[in-house]
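*Asks:* Here is a sequence with its predicted model. Questions after.
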Amino acid sequence: MANYKVVIPYFLKKEGGLSRATTDTASRNPSPCVYKGVTGWHTNKGITWTTFVSNADKLGYAATCANFITMPASIWGLIFKKSYWDYWRSDDIPQQSIADFMTWSVWGSGAGGSKSFLSKFLKSKGIQASTYDQIRAAMMQLAEKNEKQLWLDLIQYRSDWYVTLNQPANLKGWRNSLNNYREWGLNTYTFKKKKFGFILAAFSLLGGSLLMIQELNPKPTRNRK
């Protein structure tokens with residue numbers, strides 16, 4: 001089963017630290033925090049101020065500027081696990097790559113945006129799935145057939161989807177990040193082979209073994225009368 005700790009190092013590296021970039025939509029809701037004499041900080045390690053505040057009571061941490069500016073690993077990990085990873089019940093998804101990508105879609109688009117994105121992706125594959133359970137089941141079924149191809153298709157679909165958002169100032173950065181994720185994944189994930197191929201190989205091996213046994217132990221011939 002998938003483990004959220006596998007992808008955490010990549011997310012932290014990708015997101016970096018504090019941000020007050022005005023090209024980010026999160027800049028509409030900046031924190032009141034002052035850091036190095038500057039205000040306007042809206043995101044830290046990929047966690048927006050809005051997300052940080054809205055999860056505080058539910059997850060049991062204090063929504064203070066000190067916690068937001070330092071963003072301790074204990075708080076960041078709690079938000080990532082409970083608010084993003086757990087949305088698709090990723091602990092119960094067998095394929096690490098698919099669990100990670102589905103979490104990525106929540107991270108970048110929110111829960112509703114993730115559902116919409118994955119539903120449209122599945123539709124492009126000829127699969128109608130609109131509810132949470134339908135989408136989750138369809139994704140795992142496709143992954144069972146060919147996990148690596150599904151993951152690569154998701155990467156490409158996400159890259160094409162960025163264009164439809166009509167945010168040219170962010171497009172290059174989004175695609176660079178996605179390409180880096182693609183390369184990281186190819187070097188990190190252990191993609192499972194198709195079950196059918198494994199079963200076929202097992203039967204072939206079994207058949208060869210039986211033939212060898214038969215050759216080593218031929219049945220005695222009977223004299224015809």
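*Replies:* Perfect, I can see it now. Residues are numbered from 1 along each chain as shown.

*Asks:* so Lys81 makes contact with Tyr4?
*Replies:* Yes. Judged on C-beta atoms under 8 Å, Lys81 makes contact with Tyr4 at a distance of 5.6 Å. Backbone N, C-alpha and C define where each C-beta goes, glycine included.

*Asks:* Just the buried positions in the one helix or strand Leu118 maps to, please.
*Replies:* In the assignment (DSSP states H and E), Leu118 maps to helix 96-124. By 16 or more other C-beta atoms under 10 Å, the buried positions in helix 96-124 come out as 96-109, 114-115, 117-119, 121-122.

*Asks:* same deal with stretch 6-15?
*Replies:* Those would be 7-8, 10-12, 14-15, for stretch 6-15 by 16+ other C-beta under 10 Å.

*Asks:* Any idea how many residues pack against Thr48?
*Replies:* 21 (other C-beta atoms under 10 Å).

*Asks:* Check whether it really touches Thr25, as I assumed.
*Replies:* No. Counting by C-beta under 8 Å, Thr25 is not a contact partner of Thr48; they are 9.1 Å apart.

*Asks:* List the contacts of stretch 69-88.
*Replies:* Residues outside stretch 69-88 that contact it (C-beta atoms under 8 Å, 6 or more residues apart in numbering): 4, 8, 11-12, 18, 33, 35, 41, 44-45, 47, 51-52, 55, 58-59, 61, 67, 91, 99, 102-103, 106-107, 111, 114, 136.

*Asks:* Looking at those residues, which are in helices?
*Replies:* 8, 11-12, 51-52, 55, 58-59, 67, 99, 102-103, 106-107, 111, 114, 136 (DSSP state H).
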